[in-house]
Structure formats: structure tokens, C-alpha cells
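Enquirer: Using only what follows, build the 3D model:
(one chain, ligands or ions: 1)
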Amino acid sequence: MDDRVSTVPAAQAPTLRAFRFTLDPTPAQFEVLARHAGAARWAFNHALGEKTAAHRQWRERVDALVAEGMPETWARKVVKVPMPRKEGIKKRLNAIKADTRFHDPLPDGACGPPRPCPWWHEVSTYAFQSAFEDADRAWNNWLDSLAGRHAGRPVGYPHFKRKGRARDSFRIHHDVTKPTIRLEGHRRLRIPKLGTIRIHDSGKRLARLIAKGDAVVQSVTVFRGGNRWYASVLAKVDQPIPDKPTRAQTARGTVGVDWGIRHLATLSQPLDPATDRPVDLLDPADLRVANPRYLDKWTRRLAKAQRALARTEKGSKRRAKAARRVGVIQHRIAEQRATAVHLLSKRLATKFATVAIEDLNVRGMSASARGTLEQPGHQVRQKAGHNRAVLDAAPGELRRQLGYKTSWYGSALAAVDHWYPSSKTCSSCGTAIPKLPRDQRVFHCTACGLAIDRDYNAAVNIARHAVPLVERDVKARGSPVRPASDGRHGRAGRQKREDPPPSGGPPRRE
Ligand SMILES: [Zn+2]
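Expert: A predicted model of the protein is given here:
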């Protein structure tokens, strides 16, 4: 019997979920995919070009006024240059596009603004529109970051996308009332202008939800990773969002998760309560989640491929081939890591009522130890190895996934502040010991004589002292979740910001 259905009053709430498929395109489709990605890149650069031009114009006028003796803060307020946005850019491009003078390809093959590329009609118009939206977002993120309104690390001035550097990707929308992006059976995905592409894995789960009327496809993001193409189908899913944990989850209570270098994680209680042994007698292996140190396993192969790349001549065919090989290995590593983290986050969110983590400042943790000239860092080499391992284990990604998965499965996320000495505190009597070297695997309490695995000790402390994060970090249950399937790390339920731009900042938006 499904515990969740019978005991928990579930709220039906639409949630945005991404369903990712690996594609098996035909050689002809491969080319169409690449062309769309190229068009999206061109459109993004075109839009960004209009924005930077407007910004430059604004800067020049400000400088002119300052040269005439006006204080800069005044000049910044006085000068107004409308910032081109999606609608305006689209309108202007359509106007030129309709002009027969521009139908012939340019002699030098260049396709810079304001003249569009001749292949416009071969590509879905949605690929252009989404690229314009992306340019708007990149620009706004930069403005918000300048004004201190953007969470996370500072966002730099938007970059133009370079072929071969920027990720090949494009997004296609449709009218949800007359869906043209759809699954045909379980093995084929139909996308307008691209045709029916075979799916390497299976679309069964999504197809069933659509058939039941529980999912509506919103858009599809198609992207290249390594030598493969993927489609991430974004669907609005009407799924029961439990507002409290199931009886089974409640019985398991809180699990403390200690992030590790040696192991992906050490838990305060095992994932599967297959045994009725008391926790103290448990095999430590039951409490550990193996670390997918694929990077270690693949490092030699990657290093070899990178050496081969370094030996090739710039611009040669061999170089392109070697670069592809490096990309494929890197992509493979990332895929395996992502799988391990997804697996763990789902198991934690479904099996326990509360998942307690250390609120790690991933940026601080992986900050370079190099220091400055005046104050050189300590243990730079050791720290460098540590950094790689931390990033390899992707703690920030697990935390992000736990944020939305706990809200899907009725559990809650809790955290202890990362300043709390979870490793150095005795989980039995609460005494904090002053020092615990990194290589000391067993925690010895000087007060009560406890001697237990150091990571397990930390996990127990985390479980005990964590405070719920719901209010602060995770928005109300059922709020739309922007998945990171398109490569950006979306944050749960983030609302689009419509604040006015900073006074004294760059020009106003149109
Ligand atoms: Zn103690």
C-alpha cells in the first residue's frame, strides 16, 4: 500500500520538471541540430551587440558631459539611452529580414549586425527568440549583480559566445494549447522544424504523465555534451505534493549528512534499515556512500588526451579531433558524477523526514590557498588536491537538489552553520576538542573517552544541531522549480526581478 496516498493529504500543485533524454539523431538531423545551435549563438551575439552598442553610446555621452564640467553622478542620471530588449531587437531584425536587398549572402560570409544571415528561414524562429531572452537575462543579471541584488557570486559583463567555446544549445517553445513538441511513442521526440528524433533512452515516464493529463510540455532545450545531443523537455507536472512526510519517513527521522573527501558522504544512519543492530554495532560501510572518484579513474586518460592535444598544431584537423576527445572524456566524468549525486539526493529525500547538511560555503571551501605576495598561503599543494576532490564530489549540487527534492517528497532540508565545529565536537558528551588533524580518522573524546569514526561523529552532530532551511532558502512547497538542465544552476522558485536598474548605473531598460 502506498503510504503517501493513504495517509497524507496531498496538494495538487503544478511543478516545472525537466525530463532529459539522450538523442540518437540521424546524420542529417545531426546537421540540423548543429545549425540551430549556431543560429541561437548568432542571435545571442546579435542581441548582445545591440546592448553593448547602446551601453557604449551612453558612456560616451556621460563622458562628454563630464568633460564639460558636470559631476559624473549627475551626468549618469541625466543621460538616458534606451536599452534594446527582446521585442525591439526582434522587430528590427524582422524589418531588415524582409528587405530583399539582404537576401543575398554577404560576399565575405560575415553575418554581423545589422544584416541577418541568409539561413534564417531554415531555423525555427523560437531558437532566435530564446536566444534574445537569454541575452536579456545575461544583461539583467549583470545589472542586478552591480547593484548587489543578485545572489551568489558576482556576475561579470556578458560575453559573446564563441564557436567551439560556448556550449552548443538552443531552446524551442510551442503553443501549449496546440502542442507541437511531443513524444511519439516512448522512443521518439517530435520537435517542429527538426522532425522526429529517436530517443536513446526511454520517454515512458513522461509519455504516461502526458497521457494521463498530468503533464504539459512547455519547451525543449536541446544541447550538445561531448559527442552526444540531449533534449531536456520542460513540463508542467501536476503532481501530488505531500505537505508532510510519510509514516515511513517519519519513522526514520533525521539523517545527518557529512560531506567527505574519502567518501561522497557519511550518514548518521544507514540508507536502508536492513538490520536491527544498534547503530554503534553497525558496519561503518553501511553508513558510507562511496565516492564516485571517476576523476581519479579517468585522470590518466584525460591527461593523456590533453597531452596529445597540446602536441597538435593550432588550427589543424588533428587538433580538432584531439580537442573532441578531451571533451568526450570530460563530459563522461561529469555525467557519472551527476548520476551519483542525483541518486543520493533522491534516496535521502524519499527515505527520511529531514535531511540535515552542513551549510557549506562551497566557494570558501574551494578558494585557492595561494594567498598574496605579502602573505603566501600555507600547504598550497595539499589544498589544491583537496579543492579538486571537493569540486569532484559537487557538494553545492547535492544541496541544490536536496532543496527541491525534499519539497517534492514531503521531507525537509535542515542545515548547521558551516562555522559549527561538527568534526571537533563529541557527539556523546558535547565536548569540543581543540584540534583534529585531517588525516586522523578516529575521533577521540578527551572528556568521556568516546572513540568513533570521525565522519560518523560529524554526521551525528549535524543531524542533532541542524535547523530547518524551509523559510530561508526553499520557497513554499509546490512553487515552480527551475531545473538546471540547461547548464545554469537555477534556484528554486526564483521570481523574475523587475526592479528598476540602479541609479547611477548603465542605461535604463527600454
Ligand atoms: Zn565526549
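Enquirer: switch to C-alpha atoms for all contacts and neighbour counts from now on
Expert: Fine.
Enquirer: residues from this protein in reach of the ion?
Expert: With CA under 5 Å from the ion as the criterion, the chain meets the ion at residues 426, 429, 445, 448.
Enquirer: Show me which of the residues you listed are buried.
Expert: 426, 445 (16 or more other CA atoms under 10 Å).
Enquirer: name the element the residue lying closest to residue 25 once chain neighbours are set aside belongs to?
Expert: With sequence-adjacent residues excluded and distances taken as CA to CA, 6 or more residues apart in numbering, residue 25 is closest to residue 197, at 5.6 Å. Assignment of secondary structure by DSSP states H and E places residue 197 within strand 195-199.
Enquirer: Other residues contacting that strand?
Expert: 21, 22, 23, 24, 25, 26, 29, 187, 188, 189, 190, 191 (CA atoms under 8 Å, 6 or more residues apart in numbering).
Enquirer: could you dump those residues to CSV with distance to residue 209 and secondary structure?
Expert: Putting these into CSV (distance: CA to CA, whole Å; DSSP: H, G, I helix; E, B strand; the rest coil) gives the following:
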residue, distance to residue 209, secondary structure
21, 16, strand
22, 19, strand
23, 20, strand
24, 23, strand
25, 25, coil
26, 28, coil
29, 27, helix
187, 15, coil
188, 16, strand
189, 15, strand
190, 17, strand
191, 19, strand
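Enquirer: Pull the residues that contact the next helix or strand after the strand holding residue 197.
Expert: Following strand 195-199 in sequence order, the next helix or strand is helix 204-211 (DSSP H and E). Applying CA under 8 Å, 6+ apart, the external contacts of helix 204-211 come out as 19, 183, 185, 186, 187, 215, 216, 237.
Enquirer: Show me which of the residues you listed are buried.
Expert: For those, buried by 16+ other CA under 10 Å: 19, 183, 186, 187, 215, 216, 237.
Enquirer: Make CSV out of those and add distance to residue 35 and secondary structure.
Expert: Below are the buried ones among the contacts of helix 204-211 laid out as CSV (distance: CA to CA, whole Å; three-state DSSP):
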residue, distance to residue 35, secondary structure
19, 23, strand
183, 22, strand
186, 26, coil
187, 23, coil
215, 30, strand
216, 27, strand
237, 31, strand
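Enquirer: So which of these is the closest to residue 160?
Expert: Among those, residue 19 lies closest to residue 160 (CA to CA), at 28.7 Å.
Enquirer: surely that closest one meets residue 232?
Expert: Yes: here residue 19 reaches residue 232: they are 5.5 Å apart, a contact under CA atoms under 8 Å.
Enquirer: So this protein: which segments form each domain?
Expert: 3-27+169-242, 40-146, 247-288+349-468 (automatic domain parsing).
Enquirer: First residue to last residue on the last one, what's the distance there?
Expert: Yep, that's domain 247-288+349-468 we're talking about. 19 Å (CA to CA, to the nearest Å).
Enquirer: Check the offset of it from the chain's centre.
Expert: 22 Å (CA atoms, centre = their mean, to the nearest Å).
Enquirer: Ok, which of the domains of the chain comes nearest residue 322?
Expert: Of those, nearest to residue 322 by CA to CA is domain 3-27+169-242, at 12.3 Å.
Enquirer: quick revisit: sheet partners, orientation included, of the strand holding residue 197?
Expert: Applying DSSP bridges, strand 195-199 is found paired with strand 10-24 (antiparallel), strand 188-191 (antiparallel).
Enquirer: Take those strands and lay them out in TSV including mean pLDDT.
Expert: Compiled in TSV, these are given as follows (pLDDT from 0 to 100):
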stretch	mean pLDDT
strand 10-24	82
strand 188-191	95
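Enquirer: the helices in the stretch 51-200 of the chain, which residues?
Expert: 72-78, 86-97, 125-146 (DSSP state H, counting those that start in this stretch).
Enquirer: winner for burial among those?
Expert: Scoring these by mean neighbour count under mean count of other CA atoms under 10 Å gives helix 125-146 as the most buried, with a mean of 21.
Enquirer: tilt between that one and helix 86-97?
Expert: Angle of helix 125-146 versus helix 86-97, following axes from the mean of the first three to the mean of the last three CA atoms, to 10 degrees, is 140 degrees.
Enquirer: and helix 125-146, what does it pack onto?
Expert: If you count contacts as 3 or more CA pairs under 8 Å, 6 or more residues apart in numbering; DSSP states H and E, helix 125-146 packs onto helix 27-67, helix 86-97, strand 169-173.
Enquirer: Which other helices and strands does the first one contact?
Expert: Using 3+ CA pairs under 8 Å, 6+ apart as the contact criterion, the secondary-structure elements in contact with helix 27-67 are helix 72-78, helix 86-97, helix 125-146, strand 169-173.
Enquirer: Quick one: closest of the domains of the chain to residue 163.
Expert: domain 40-146 (7.9 Å).
Enquirer: Do me a favour and get the end-to-end distance for that closest one?
Expert: Termini of domain 40-146 sit 27 Å apart (CA to CA).
Enquirer: Give me the mean pLDDT for that domain.
Expert: Average pLDDT, domain 40-146: 81.
Enquirer: Off-centre distance for it?
Expert: Distance, centroid of domain 40-146 to centroid of chain: 27 Å (CA atoms, centre = their mean).
Enquirer: so where's this protein uncertain?
Expert: 1-13, 96-118, 151-153, 261-262, 274-282, 291-295, 299, 360-395, 470-510 (pLDDT under 70).
Enquirer: in the sheet, who's paired with the residue lying closest to residue 233 once chain neighbours are set aside?
Expert: Once flanking residues are discounted, residue 233 sits nearest to residue 220: 4.4 Å by CA to CA, 6+ apart. Assessed by DSSP bridges, residue 220 has beta-bridge partners residue 172, residue 233.
Enquirer: who's in contact with residue 220?
Expert: 171, 172, 173, 181, 231, 232, 233, 234.
Enquirer: Compile those into a markdown table and extend it with columns for neighbour count.
Expert: Shown next, in a markdown table, are the contacts of residue 220 (neighbours: other CA atoms under 10 Å):
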| residue | neighbour count |
| --- | --- |
| 171 | 24 |
| 172 | 23 |
| 173 | 22 |
| 181 | 22 |
| 231 | 24 |
| 232 | 21 |
| 233 | 24 |
| 234 | 22 |
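Enquirer: Closest one of these to residue 302?
Expert: Closest to residue 302, out of all of the contacts of residue 220 and judged by CA to CA, is residue 231, at 26.2 Å.
Enquirer: Run a quick neighbour tally on the nearest residue to that closest one once chain neighbours are set aside.
Expert: Distances taken as CA to CA, 6+ apart place residue 222 nearest to residue 231, at 4.4 Å, with adjacent residues excluded. A total of 24 residues lie near residue 222 under the criterion other CA atoms under 10 Å.
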